[in-house]
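# Sequence below, structure please.
(one chain, ligands or ions: 1)
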Amino acid sequence: MHHSTARSEELFREAQQVIPGGVNSPVRAFKAVGGTPRFIARAQGAYLWDADGNQLLDYIGSWGPMILGHNHPAVVAAIQQALAEGLSYGAPTEREIRLAQRVREAYPSADLVRFVSSGTEATMSALRLARGYTGRDLIVKFRGNYHGHADSLLVQAGSGLLTGGGGSARSAPSSAGVPQAFAELTLVADYNEPQALEDLFQRYGEQIAAVIFEPVVGNAGVLIPTPAFLEALHRLTRQYGALLIADEVMTGFRLAKGGAVELLGLQPDLICWGKILGGGLPVGAYGGRAEIMQQVAPLGPVYQAGTLSGNPLSMAAGLATLETLFQDPPYARLEAYGAALEQGLQTLFAEAGLPVAINRVGSMITVFFREGPVQTYTEAVASDTERFKAFFHGLLQRGVYWPPSQFEAAFFSLAHGPQELDKTLEAIAQALKEPAL
Ligand code: PLP
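Modelled structure (predicted):
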């Protein structure tokens with residue numbers, strides 16, 4: 001069982017000589033759980049192989065995009081086709097129209113869609129648009145929600161910022177280098193606490209351009225919105241003329257064809273996408289009602305651009321991914337795997353006498369190491385992160401690659417089947433026998 005990791009260790013040492021912390025995105029460094037991150041050599045279906053040749057059953061899925069499993073043949077073929085034609089033109093192409101049409105098919109309220117190259121760009125641009133459209137400066141976000149690393153959004157942010165990626169999540173701003181003056185334009189409220197939102201709107205409502213939120217949170221671990229919270233979000237934004245921005249970067253095309261918007265019956269003014277939309281290549285997008293989106297350049301005064309926006313390879317990967325998903329919608333299958341995994345986890349943890357709260361929506365799941373329920377940020381951060389570390393390493397040593405932080409969602413894909421479920425539960429059963437758990 002115990003993996004040899006000599007090559008990953010060697011590569012990590014080398015990486016640290018030329019890349020800050022040896023990684024290009026903080027959570028990859030395993031800082032929250034300790035140990036050496038695995039360097040990945042290749043992937044197929046539900047599995048990764050690291051640089052030492054160890055096979056890992058993947059519950060990260062590149063942090064969300066790989067819903068079809070790694071190297072899906074339809075996606076690979078679409079990229080190869082695009083590759084043979086040319087890499088980037090800085091001019092419009094037909095694939096951009098086709099992908100925008102697919103997004104609109106899944107999200108009928110999005111009349112117009114603008115492609116960018118990351119989720120960060122999508123949320124950053126949506127905020128600028130909301131400010132431009134409303135002529136107001138303040139935005140509201142929720143403690144522990146993560147929307148990428150634009151300055152205005154690195155205030156009480158989740159994901160890597162909850163696990164030592166930089167700055168402190170408990171002060172505003174969450175990162176050095178974000179001027180206090182920017183942070184002051186970002187109001188922070190608590191997720192699933194409608195009264196706090198109500199108070200904020202009573203005080204600042206006329207100045208609020210937008211509220212941005214994760215419709216199902218992945219970046220504090222999985223948190224599920226309560227109906228009262230969703231009702232307050234819609235009511236207050238409407239009442240005060242602020243825009244409601246659903247950040248579907250993680251949940252879009254994952255929880256349903258039309259993401260959390262469809263699943264929960266939401267009516268946001270703007271929607272942001274990323275991850276699955278690019279099928280593993282860099283893509284983000286934002287969209288909404290024509291009247292708002294027409295404020296974006298070249299039609300309107302809100303500037304936003306990108307050399308590689310709508311890149312042909314990214315569009316091809318995204319199109320193949322959405323077409324595959326839409327042809328034979330897989331959400332019932334993902335739900336069945338998720339329900340079985342959740343049930344298996346409940347049973348194993350109960351047998352081990354270990355209190356956990358398992359939050360899951362479809363193919364996003366978090367095991368919080370504390371008693372439930374966990375609905376708020378405050379409840380999430382009270383988890384036993386030492387136990388989580390032991391859980392994480394116990395699984396990794398048995399070939400199951402869970403996200404290296406208590407405050408991240410685990411994802412699974414359509415390549416995860418009965419064999420993968422058995423393997424996962426067996427690894428968990430064995431890991432639970434370890435003394436640290
Ligand atoms: N929004 C959400 C909900 C996310 O989970 C993320 C990334 O994890 C982002 C935005 C930022 O996307 P990206 O990392 O592509 O910039």
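
# The ligand contacts on the stretch 51-200 of the chain?
Residues of the stretch 51-200 of the chain lying near the ligand by CB under 6 Å from any ligand atom: W63, S118, G119, T120, T123, Y146, H147, G148, S159. (C-beta placed from N, C-alpha, C; glycine too.)

# Closest to A317 out of those residues?
Nearest to A317, judged by CB to CB, of those is S118 at 14.2 Å.

# Leaving out chain neighbours, which residue sits closest to that closest one?
Take S118 and drop its neighbours on the chain: the residue closest to it by CB to CB, 6 or more residues apart in numbering is G284, 4.8 Å away.

# How about the secondary structure of the nearest residue to T226 once chain neighbours are set aside?
Nearest-residue entry for T226: N192, 5.2 Å, with adjacent residues in sequence omitted and distances by CB to CB, 6+ apart. Three-state assignment for N192 (DSSP: H, G, I helix; E, B strand; the rest coil): coil.

# List the residues that contact Y401.
Residues near Y401 by CB atoms under 8 Å, 6 or more residues apart in numbering: R38, L48, L56, L57, D58, Y59, I60, L395.

# pLDDT score for it?
pLDDT, Y401: 98.

# One more: G310?
Reading off the model, G310 has pLDDT 98.

# any idea how far it lies from Y107?
Remark: distance between G310 and Y107 (CB to CB, to the nearest Å) = 18 Å.

# pLDDT-wise, what's the bottom of the residues of the stretch 51-200 of the chain next to the ligand?
Lowest pLDDT among these: S159, 62.

# Pick the one among the contacts of Y401 closest to the ligand.
I60 (11.3 Å; CB to the nearest ligand atom).

# I'd assumed S413 was in contact with the closest one.
No - taking contacts as CB atoms under 8 Å, I60 lies outside contact range of S413: 10.3 Å.

# Looking at these two, which is more packed in?
S413 (24 against 20; other CB atoms under 10 Å).

# what's near enough to touch the residue of the stretch 51-200 of the chain found nearest the ligand?
As assessed by CB to the nearest ligand atom, the ligand sits closest to G119 within the stretch 51-200 of the chain, at 2.2 Å. Applying CB under 8 Å, 6+ apart to G119 gives the contacts H147, G148, D247, V249, C272, W273, G274, K275, G284.

# what's the spacing between the nearest residue to it once chain neighbours are set aside and the ligand?
Once flanking residues are discounted, G119 sits nearest to G274: 3.2 Å by CB to CB, 6+ apart. As judged by CB to the nearest ligand atom, to the nearest Å, G274 and the ligand stand 4 Å apart.

# Can you flag which of the residues of the stretch 51-200 of the chain next to the ligand belong to helices?
In this view, these that belong to helices under DSSP state H are G119, T120, T123.

# dump the residue contacts of the last one.
With contact set as CB under 8 Å, 6+ apart, T123 has these partners: H147, G148, A150, L153, I212, I245, D247, V249, C272, Y286.

# for whichever residue of the stretch 151-300 of the chain sits closest to the ligand, what are its contacts?
The nearest approach of the stretch 151-300 of the chain to the ligand comes at V249, 3.4 Å away (CB to the nearest ligand atom). Contact analysis of V249 by CB under 8 Å, 6+ apart lists G64, G119, A122, T123, H147, G148, C272, W273, G274, K275, G284.

# just checking, the last one touches R114?
So the one you mean is G284. No - contact between G284 and R114 fails when scored by CB under 8 Å: they sit 9.4 Å apart.

# These two - which one has more neighbours?
Neighbours per residue, other CB under 10 Å: of G284 and R114, the larger number sits with G284, 28 against 24.

# how near is the more buried one to S88?
17 Å.

# Next: R136.
For R136, the distance to S88 - CB to CB - is 36 Å.

# And the two? Which one has more around it.
Using other CB under 10 Å, the more surrounded residue of R136 and S88 is R136, with 21 against 14.

# Using the three-state scheme, assign the more buried one.
Assigned by three-state DSSP, the conformation of R136 is coil.

# For it, which non-adjacent residue is spatially closest?
Nearest residue to R136 in three dimensions, chain neighbours excluded: A209, at 4.0 Å (CB to CB, 6+ apart).

# That neighbour is in what secondary structure piece?
Per DSSP states H and E, A209 falls inside strand 208-213.

# quick one: low-confidence ranges for the stretch 51-200 of the chain?
For the stretch 51-200 of the chain, applying pLDDT under 70 flags the ranges 157-172.

# Now do the helices in it.
Using DSSP state H, counting those that start in this stretch, the helices of the stretch 51-200 of the chain run over 73-85, 94-106, 119-134, 180-183, 194-204.

# from the chain's centre, how far out does the helix or strand harbouring L48 sit?
Using DSSP H and E, L48 sits within strand 47-50. Chain-centre distance of strand 47-50: 21 Å, with CA atoms, centre = their mean, to the nearest Å.

# and G35, how many neighbours does it have?
G35 has 17 neighbouring residues, counting by other CB under 10 Å.

# I'd say it and H393 touch.
Yes - the pair G35 / H393 is scored as a contact, 6.4 Å apart, by CB under 8 Å.

# Centre-most residue in the chain?
By CA atoms, centre = their mean, the mean C-alpha position of the chain lies nearest to M250, the distance being 3.4 Å.

# wouldn't that one be in contact with F213 here?
No - counting by CB under 8 Å, M250 does not reach F213; the two are 12.0 Å apart.

# now stretch 13-28: mean pLDDT?
On average, stretch 13-28 scores 97.

# Extract the C-alpha trace of stretch 243-260 and format it as CSV.
Taking Å, rounded to 0.1, in the frame of the first residue of the first chain, the C-alpha atoms of stretch 243-260 are listed here in CSV:
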residue,chain,number,x,y,z
LEU,A,243,-27.9,42.9,-9.3
LEU,A,244,-27.7,39.3,-8.2
ILE,A,245,-24.7,37.5,-9.6
ALA,A,246,-24.7,33.7,-9.4
ASP,A,247,-21.1,32.3,-9.5
GLU,A,248,-21.6,29.0,-11.2
VAL,A,249,-17.9,28.5,-12.0
MET,A,250,-18.0,25.3,-9.9
THR,A,251,-21.6,24.3,-10.1
GLY,A,252,-22.5,25.2,-13.7
PHE,A,253,-23.2,22.1,-15.9
ARG,A,254,-22.3,20.0,-12.8
LEU,A,255,-25.4,20.0,-10.6
ALA,A,256,-27.8,20.0,-13.6
LYS,A,257,-27.6,21.0,-17.2
GLY,A,258,-28.5,24.5,-16.1
GLY,A,259,-26.4,24.2,-12.9
ALA,A,260,-27.6,25.4,-9.6
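
# For that stretch, buried residues please.
243-260 (16 or more other CB atoms under 10 Å).

# among the residues you listed, which are in strands?
Mapping these onto strands (DSSP state E) picks out L243, L244, I245, A246, D247.

# ok so, going back, next step: the contacts of G119 restricted to strands.
Members of those lying in strands (criterion: DSSP E): D247, C272, W273, G284.
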